[in-house]
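>>> model the structure of this input:
(chains A and B, ligands or ions: 2)
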Amino acid sequence: MWKYIFKRLVLLVFTLFLVTTATFFLMQIMPGTPFNNPKLTPEALAQLKTTYGLDLPVWQQYLNYLVGAAHGDFGTSFQYQNQSVSMLIGQRLPVSAQLGAQALVVGVIAGLFMGAASARNKNNKIDGTLGIISTLGISIPSFILGIVLVYLFGFKWPLFPVSGWGDSFSQTILPTLALAVSPAAVTTRFVRSEMIESLSSDYVQLAKAKGLSAKEVVNQHAYRNSMIPVLTLIGPMAAGLLTGSTLIEQIFSIPGIGQQFVLSIPSKDFPVIMGTTIVYSAMLMVMILITDILTAIVDPRVRLQ
Amino acid sequence: MSNPILKVENLHVNFNTYAGTVQAIRDVSFDLNKGETLAIVGESGSGKSVTTKTLMGLNAKNASIPDNSRLIFKDRNLLDLKEEEWQTIRGNEIAMIFQDPMTSLDPTMKIGMQIAEPLMKHRKMKKEDALKRALELMKGVGIPNSEEHINDYPHQWSGGMRQRAVVAIALAADPEILIADEPTTALDVTIQAQILNLMKSLQKETSSSIIFITHDLGVVAGMANRVAVMYAGKIVEYGTVDEIFFNPQHPYTWGLLNSMPTTDTQIGSLEAIPGTPPDLLDPPKGDAFASRNVYALAIDSKEEPPFFKVSDTHYAATWLLDERSPKVTPPVQIQKRWARWQEIQGQEA
Ligand SMILES: Nc1ncnc2c1ncn2[C@@H]1O[C@H](COP(=O)(O)OP(=O)(O)OP(=O)(O)O)[C@@H](O)[C@H]1O
Ligand SMILES: [Mg+2]
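Ligands and ions are numbered 1, 2, ... in the order given. The predicted model follows:
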């Protein structure tokens, strides 16, 4: 097990190195510089370039960046002078992480219940309604849901605040809901099909033949077997949340890393774009690793391999 | 003499499907005596599994059973039971061994726990006590080093060991009737023999009755006391093992015996029965086997044959046994079996 985790960590570091390299060179190709203000004198421009090390040859810049990144230093923001990228991200990451975690937990739990309810009422009205809801949930992007939620619960029935973060928990409710819908829908569909398969399996037949009631069969056998595979979804769902959160943070004025990312693109704040991209990839890979480890812990079939 | 623990009377099972009503079981009656093993044999689709599922109250949702069908067990008609009452019988008084050990154990539950489950349910045992008993059961079905393996998960075990666990689950609550639906078809031959021997010796210890389902007559000889031959949702012939093997009367039984691989070179030969079983959505008039039967008489396509008595224990539903029927000569292999029957009878006399 430890050997496996170690291997995965090595792989993770290597992948991050590739991501870093790729983003670095992509930034080089991007047209324009953040310093194309016509008011800048050539001397001032040269001064700025030296400050940021942009006068060095590209390979030198690349090495500097790699060494820095390995130490958690992603340079200084162009846009907010004297602010290090690590600090910017460090301030905003917890906000996004909280939002993402809330959305994931709410979404997955709702999905588990709806999926199980759907499967146990297969092909009747409950199943049909949940089927329509989950299809909508999967096909409507979270930012549109965000806008709809703002309209409904911010203006029509002003129940919740529609912007800001950190002043009260109620501020987190609408953005969490907007982001949770997609994981809830994905989980619902997945659990439904897993559960239907489980309920028609031989081991459920055997459980019935033991004299267990329908409820005991579901609680003692079908649930566990149909929930374990949901863990494998968490990685991909986290990826969806990352991308979804960029727009949701914009809509709800949440000072998270996603909002930062969006803001730094038009201002060509390369260090921030690069740093955020790398942190995003790292988070995603860690999520997938955690998922795999959890699966191994929970699923006896994986555990021993 | 006979002491039936279970009486199946006029059982009909229909399945409602989009295409119409599948008449899967069409008037089946038989008794199961205490301590005996009754084998039910027949080709695929003849209704063996539907019969066993009916005995467990586990038929598919689209099944319907007419009111005149009766399953008498301990003075009750099981078909009148409510679901909660069924639950006190399943796994407790009537238990079942399933066909495929690779899929019939819960992959995410420890095997010891799976064996303990019926004990907790029916004997109201606490978990620790049930697990203790599960360990004894594991030893009883011959799982080596049971102590070390009680917390294993199914994927850690071979098919043969898993089937032993499935047997242990079925035996956990000491059932009076054990139904084994092709308990060895998924296993390779040597393991098959082990499981069958295990079932036989356990039956001796517990004096339970076994209904043994198979499409392989080869395993029947060593296992069963009596045999019922099923075709297209009906029993067409039943008798003791010797009677069915050496004095078969129904042409379908002849066909089954001739398609059975045998090491007995004197009897020899391997021929499948030509043709396919009839469509149970619209079963034919008369004898359902007629269209595949080279010995069919004119009456077979008009009227269904009743059971003709061959002996007190042996009955067959074929017009060939009617006194008006012309005498036919069965296939040579069957003639050899009949000759053997004469020898056996001679020895006994
Ligand atoms: N739920 C169902 N709906 C419709 N038809 C069914 C259903 N269950 C069984 N049948 C039909 O009933 C008939 C008997 O099936 P059964 O499973 O008892 O056969 P079997 O003798 O056990 O065969 P095998 O040797 O293949 O196991 C078949 O024609 C089958 O298609
Ligand atoms: Mg079957």
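
>>> you'd agree residue B:149 is up against residue B:115?
No: contact criterion C-beta atoms under 8 Å: residue B:149 and residue B:115 do not qualify, at 11.2 Å. To be clear about C-beta, it is placed using only N, CA and C from the backbone, and glycine gets the same treatment.

>>> which one's more surrounded, the two?
residue B:115 (29 against 18; other C-beta atoms under 10 Å in any protein chain shown).

>>> mind listing what the residue of the stretch 201-349 of chain B found nearest chain A touches?
Residue of the stretch 201-349 of chain B nearest chain A, by C-beta to the nearest C-beta: residue B:211 (13.5 Å). Neighbour list for residue B:211: B:32, B:37, B:38, B:40, B:52, B:55, B:177, B:178, B:179, B:180 [criterion: C-beta atoms under 8 Å, 6 or more residues apart in numbering or on different chains].

>>> among the residues you listed, who's most crowded?
Busiest of those [other C-beta under 10 Å] is residue B:40, holding 28 neighbours.

>>> for that one, helix, strand, or coil?
Three-state call for residue B:40 (DSSP: H, G, I helix; E, B strand; the rest coil): strand.

>>> so it sits right up against residue B:212, yeah?
Yes: using C-beta under 8 Å, residue B:40 is in contact with residue B:212, at 7.2 Å.

>>> domains in chain B, by residue range?
Structurally, chain B divides into domains by automatic domain parsing as follows: B:4-224, B:229-348.

>>> any idea of the mean pLDDT in the shortest one?
What it means is domain B:229-348. Per-residue pLDDT over domain B:229-348 has a mean of 90.

>>> span of it from start to end?
25 Å (C-alpha to C-alpha, to the nearest Å).

>>> before we move on, the earlier item: tell me the SS of the residue of the stretch 201-349 of chain B closest to chain A?
strand.

>>> before we move on, the earlier item: can I get the contacts of residue B:211 in a markdown table with pLDDT, distance to residue A:216 and secondary structure?
Output for the contacts of residue B:211, formatted as a markdown table (pLDDT from 0 to 100; distance: C-beta to C-beta, whole Å; DSSP: H, G, I helix; E, B strand; the rest coil):
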| residue | pLDDT | distance to residue A:216 | secondary structure |
| --- | --- | --- | --- |
| B:32 | 96 | 28 | strand |
| B:37 | 95 | 31 | strand |
| B:38 | 96 | 31 | strand |
| B:40 | 97 | 30 | strand |
| B:52 | 94 | 22 | helix |
| B:55 | 96 | 21 | helix |
| B:177 | 96 | 22 | strand |
| B:178 | 95 | 22 | strand |
| B:179 | 95 | 21 | strand |
| B:180 | 94 | 24 | strand |
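
>>> and which of those is nearest residue B:68?
Closest to residue B:68 out of these is residue B:55 (17.3 Å), distances taken as C-beta to C-beta.

>>> my guess is the closest one meets residue B:71, correct?
Yes: Residue B:55 is within contact range of residue B:71, at 6.5 Å (criterion: C-beta under 8 Å).

>>> now do the shared contacts for these two.
B:6, B:8, B:78.

>>> take those and keep only those in strands.
B:6, B:8 (DSSP state E).

>>> for the shared contacts of residue B:55 and residue B:71, which one is nearest residue A:137?
residue B:78 (45.7 Å).

>>> beyond the helix or strand where residue A:186 lies, next helix or strand please.
In the assignment (DSSP states H and E), residue A:186 maps to helix A:170-199. Following helix A:170-199 in sequence order, the next helix or strand is helix A:202-209 (DSSP H and E).

>>> return the set of buried residues in whichever helix or strand comes after that following helix.
Counting by DSSP H and E, the next helix or strand C-terminal to helix A:202-209 is helix A:214-217. Judged by neighbour count (16 or more other C-beta atoms under 10 Å in any protein chain shown), helix A:214-217 contains these buried residues: A:216, A:217.

>>> any stretches of the stretch 1-150 of chain A with poor pLDDT?
Applying pLDDT under 70 to the stretch 1-150 of chain A flags residues A:32-34, A:36-37.

>>> excluding its backbone neighbours, what's nearest the residue of it found nearest chain B?
For the stretch 1-150 of chain A and chain B, the shortest gap (C-beta to the nearest C-beta) falls at residue A:122, measuring 10.6 Å. Sequence neighbours aside, residue A:196 is the residue nearest to residue A:122 in space, at 6.0 Å (criterion: C-beta to C-beta, 6 or more residues apart in numbering or on different chains).

>>> same deal with residue B:6?
Nearest to residue B:6 is residue B:32, by C-beta to C-beta, 6+ apart, at 4.2 Å.

>>> how near is that neighbour to chain A?
Residue B:32 is 18 Å from chain A, where distance means C-beta to the nearest C-beta, to the nearest Å.

>>> tell me the contacts of that residue?
Contacts of residue B:32 (C-beta under 8 Å, 6+ apart): B:4, B:5, B:6, B:7, B:8, B:38, B:177, B:209, B:211.

>>> again, only this time at 6 Å
B:5, B:6, B:38, B:209 (C-beta atoms under 6 Å, 6 or more residues apart in numbering or on different chains).

>>> and the furthest pair within the contacts of residue B:211?
B:37 and B:55 (14.9 Å).

>>> helices of the chain, residue ranges please.
Because you didn't say which chain, this covers chain A. A:2-29, A:42-52, A:58-70, A:85-120, A:125-139, A:142-149, A:170-199, A:202-209, A:214-217, A:223-227, A:231-251, A:257-264, A:270-298, A:300-303 (DSSP state H).

>>> you answered for a different chain; I wanted chain B.
Using DSSP H, helices in chain B cover B:48-56, B:83-89, B:101-104, B:111-122, B:127-140, B:146-149, B:159-171, B:189-206, B:217-223, B:241-246, B:251-258, B:332-348.
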